[in-house]
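> Task: produce atomic coordinates for the following.
(2 chains)
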2 protein chains.
Amino acid sequence: MSSFLRQTYGQRVQNHSNPAAKQLLEIMEKKKTNLAVSVDVTKSKEFLAIIDAVGPFVCLVKTHVDIIEDFDHSLIQQLQDLSVKHDFAIFEDRKFADIGNTVALQYSSGVHKIASWSHITNAHPVPGPSIISGLSSVGLPLGRGLLLLSEMSTKGALAVGSYTVEAVRMARAHRDFVIGFIAQRTMEGIGMQGDDVVDNDDFLILTPGVGLDVKGDAMGQQYRTPREVILESGCDVIIVGRGIYGKDPGLVEQIRAQAKRYMDAGWEAYQERISSPS
Amino acid sequence: MSSFLRQTYGQRVQNHSNPAAKQLLEIMEKKKTNLAVSVDVTKSKEFLAIIDAVGPFVCLVKTHVDIIEDFDHSLIQQLQDLSVKHDFAIFEDRKFADIGNTVALQYSSGVHKIASWSHITNAHPVPGPSIISGLSSVGLPLGRGLLLLSEMSTKGALAVGSYTVEAVRMARAHRDFVIGFIAQRTMEGIGMQGDDVVDNDDFLILTPGVGLDVKGDAMGQQYRTPREVILESGCDVIIVGRGIYGKDPGLVEQIRAQAKRYMDAGWEAYQERISSPS
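Numbering: from 1, shown residues only, chains lettered A, B, ... in the order given. Just a heads-up that it's a prediction; the model follows:
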């Protein structure tokens, strides 16, 4: 296991220059949580209720604002207020996947104006490096950070092999803006070449498809435990959705209990990782 | 060159069961155009002005509604009115790229409600077949059609080799909903295996990165001529953006002239293709 994986989140702050990466690591260290909650509901009221319930337990809230039917900008203000109240970062899981010129507009403009409020967003590397340049032209001046999807947790995903290698190389070439990956394992050292040095390879790994109770859904999603993800695979943040807030956003105590359960499982796996012998 | 590439658009209607594919081919045959215009502006007024100007010359209007700052549902009504007035299909270039459950919500819900008005949309195959199932669960009952991005025209794109092959195989396994590809060439016969028969391989190929005057932009986009795309590479629809409407959407006569120029170039290449000796 490499040195980054045995460093604390707090120690790793110094490995990053990007403000969004620093902020996330600082929150993780301070709140002792590597849990992100993915809030995939279509009504503002439920969206805010879930976030207020899980807020104390998470380092990050992952959103899909484009599924919210009654979206308006007051919702963003309320989301930002909750992010200050509970001290978490915001990650709009937009999965940008177009050419540079288009993603720059999608990131900055439209109804959602993602760059103006989302600390972190993500993109597929499939269009090539121009997608990073396009997003960076908007996000870097605002102190935002980008995650590349170098792997996916779904059955039959095509982000494998040379695709993953190329994604990591693109990230290395844009270290000011690309802070890490959506992936299933550490990307450290993958596809190293020429002048690359492993000292610059402290990428944040955020991992969806984490569950304590189920193994998959009907639409191809597959699940692993926090221990498998953090300890065995060297990921940094576990992303959990319905496993925490279930079907009824009104059951606040139940949601808080589930969030705490996942937070504890994630933190325990991390503690075991940083204290493991070299 | 295969038989599909020498069939007329009108003859090819019978090769398709999907209503959106049939509609598009019928429009192409009737209006004698294989031109799609990509309308990438951020203001409703400009968006509608460009579409009204190019409407007579196009089979398809490609939109990015998520970049429109003053979007509301009256805009969709006006877009639909123009699609009836000028007889073109609508293609929201959303490039869905998430897991099945999420894309189903992004397609049906949110502010934009894409499935309710866009005849055709597209998706990256990178998450695996579940992205098709998710979108199909929403779009198929509405008679919608899906294009997979099996290639991209940008520098350093990762949609190459086995990625492209897998994309075509996914499409073959979902012929009721997947009507074709965003690609740079015909996908006919690619990755054929087992019981696959080329008779079922009439996919529509829609091709961005087409220009008569320039070779590329600063953000990695690369351009080819209509002749290269339609005649040499066996694509069906040329997608053109700024090359037609330039910087000023008020210059209606200039926009119409450019649209006619691209329409003529695309149709001439097609005529040459269908009349070429076997």
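> Would you confirm that A:Ile239 belongs to a strand?
Yes - per DSSP: H, G, I helix; E, B strand; the rest coil, A:Ile239 lies within a strand segment.
> That one reaches A:Gly211, doesn't it?
No - assessed by CB atoms under 8 Å, A:Ile239 is found out of contact with A:Gly211, at 10.6 Å. (Glycine included, C-beta is placed from N, CA and C.)
> Which one of the two is surrounded by more residues?
A:Ile239 (24 against 21; other CB atoms under 10 Å in any protein chain shown).
> The longest strand belonging to chain A relative to strand B:89-96, how many degrees between them?
Of all segments of type strand in chain A, defined using DSSP state E, the longest is strand A:89-96. Interaxial angle of strand A:89-96 relative to strand B:89-96 (axes from the mean of the first three to the mean of the last three CA atoms, to 10 degrees): 130 degrees.
> Strand A:89-96 - what's its average pLDDT?
On average, the pLDDT along strand A:89-96 is 98.
> and for A:Ile239 and A:Gly211, which residues touch both?
Listed contacts common to A:Ile239 and A:Gly211 are nil; contacts here mean CB atoms under 8 Å, 6 or more residues apart in numbering or on different chains.
> just the helices in chain A please.
A:3-6, A:9-12, A:19-31, A:44-54, A:73-86, A:100-108, A:130-139, A:162-172, A:226, A:242-245, A:252-274 (DSSP state H).
> what packs against the second one?
If you count contacts as 3 or more CB pairs under 8 Å, 6 or more residues apart in numbering or on different chains; DSSP states H and E, helix A:9-12 packs onto helix A:19-31.
> Kindly report the same for the fourth one.
Counting contacts by 3+ CB pairs under 8 Å, 6+ apart, helix A:44-54 is packed against strand A:35-39, strand A:60-63, helix A:73-86, helix A:242-245, helix A:252-274.
> Just name the most buried of these.
Highest mean neighbour count of the helices and strands packed on helix A:44-54: strand A:35-39, a mean of 27 (counted as mean count of other CB atoms under 10 Å in any protein chain shown).
> Taking helix A:252-274 as reference, get the angle to that strand.
Using the same axes, to 10 degrees: strand A:35-39 against helix A:252-274 is 140 degrees.
> Against chain B - does strand A:35-39 have any residue that ends up touching it?
No - Strand A:35-39 stays clear of chain B (CB under 8 Å from any CB of the partner chain), getting no nearer than 9.1 Å.
> And the average pLDDT for that strand is what?
98.
> between the helices of chain A, which has the poorest average model confidence?
helix A:3-6 (a mean of 88).
> Quick check: chain neighbours aside, which residue is closest to A:Leu79?
Nearest residue to A:Leu79, sequence neighbours excluded (CB to CB, 6 or more residues apart in numbering or on different chains): A:Ile90, at 6.5 Å.
> right, I mislabeled it, should have said A:Ile27
The nearest residue in space to A:Ile27 (CB to CB, 6+ apart) is A:Cys59, at 4.7 Å.
> Check the spacing between the residue located most distally from the centre of chain A and chain B real quick.
What lies farthest from the middle of chain A is A:Gly194; by CA atoms, centre = their mean that is 29.1 Å. Remark: distance between A:Gly194 and chain B (CB to the nearest CB, to the nearest Å) = 17 Å.
> same question, A:Val65
Taking CB to the nearest CB, one finds A:Val65 at 8 Å from chain B.
> what do you get for A:Ser276?
Taken as CB to the nearest CB, the span from A:Ser276 to chain B is 32 Å.
> Read off the pLDDT value for that residue.
84.
> Tell me which of the helices of chain A sits nearest to B:Ala159.
When those are compared by CB to CB, helix A:162-172 sits nearest B:Ala159, at 9.1 Å.
> Going by neighbour count, list what's buried in that closest one.
A:163-172 (16 or more other CB atoms under 10 Å in any protein chain shown).
> Just the closest of those to B:Arg256, please.
Closest approach to B:Arg256 among those (CB to CB): A:Met170, at 40.6 Å.
> List the residues that contact that closest one.
So A:Met170 contacts A:125, A:128-129, A:132, A:148, A:178, B:156 (CB under 8 Å, 6+ apart).
> How about A:Arg227?
A:265, A:268-269, A:272.
> mind running it again at 7 Å?
Shown in contact with A:Arg227 (CB atoms under 7 Å, 6 or more residues apart in numbering or on different chains): A:265, A:269.
> quick revisit: adding distance to A:Gly189, write the helices of chain A out as a markdown table.
Compiled in a markdown table, the helices of chain A are given as follows (distance: least, CB to CB, whole Å):
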| stretch | distance to A:Gly189 |
| --- | --- |
| helix A:3-6 | 10 |
| helix A:9-12 | 16 |
| helix A:19-31 | 19 |
| helix A:44-54 | 34 |
| helix A:73-86 | 34 |
| helix A:100-108 | 28 |
| helix A:130-139 | 21 |
| helix A:162-172 | 9 |
| helix A:226 | 24 |
| helix A:242-245 | 31 |
| helix A:252-274 | 17 |
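> shaky segments in the stretch 101-250 of chain A?
A:216-221 (pLDDT under 70).
> which bits of the stretch 1-150 of chain A sit near chain B?
A:40, A:42, A:64, A:66-69, A:71, A:95, A:97-102, A:105-106, A:109-112, A:124-130, A:133-134 (CB under 7 Å from any CB of the partner chain).
> For the stretch 101-250 of chain A, which segments count as strands?
Ranges of strands within the stretch 101-250 of chain A are A:120-123, A:145-149, A:178-182, A:204-207, A:237-240, based on DSSP state E, counting those that start in this stretch.
> Give the other helices and strands that the longest strand of chain A contacts.
With contacts taken as 3 or more CB pairs under 7 Å, 6 or more residues apart in numbering or on different chains; DSSP states H and E, strand A:89-96 sits against helix A:19-31, strand A:60-63, helix A:100-108, strand A:120-123.
> Within the sheet, what are the partner strands of it, with directions?
strand A:60-63 (parallel), strand A:120-123 (parallel) (DSSP bridges).
> Out of those strands, which gets nearest to A:Leu140?
Per CB to CB, nearest to A:Leu140 of these: strand A:120-123, 12.1 Å.
> Give me the contacts around the closest one.
A:20, A:89, A:91-97, A:103, A:114, A:131, A:135, A:144-149, A:182.
> Bridged to the residue nearest the centre of chain A, which residues?
The structure's chain A has its C-alpha centroid closest to A:Leu206; by CA atoms, centre = their mean the separation is 4.4 Å. Note on A:Leu206: beta-bridge partners A:Ile182, A:Val237, judged by DSSP bridges.
> Looks like it contacts A:Ile182 (just checking).
Yes - assessed by CB atoms under 7 Å, A:Leu206 is found in contact with A:Ile182 at 5.5 Å.
> Which residues are in contact with each of these two?
Counting by CB under 7 Å, 6+ apart, the residues touching both A:Leu206 and A:Ile182 are A:Leu147.
> Contacts for stretch A:33-44, please.
A:28, A:47, A:50-51, A:54, A:57-64, A:67-71, A:75, A:91, A:206, A:208, A:230, A:236-241, A:244, A:249, A:259, A:262-263, A:266-267, A:270, B:102, B:105, B:109.
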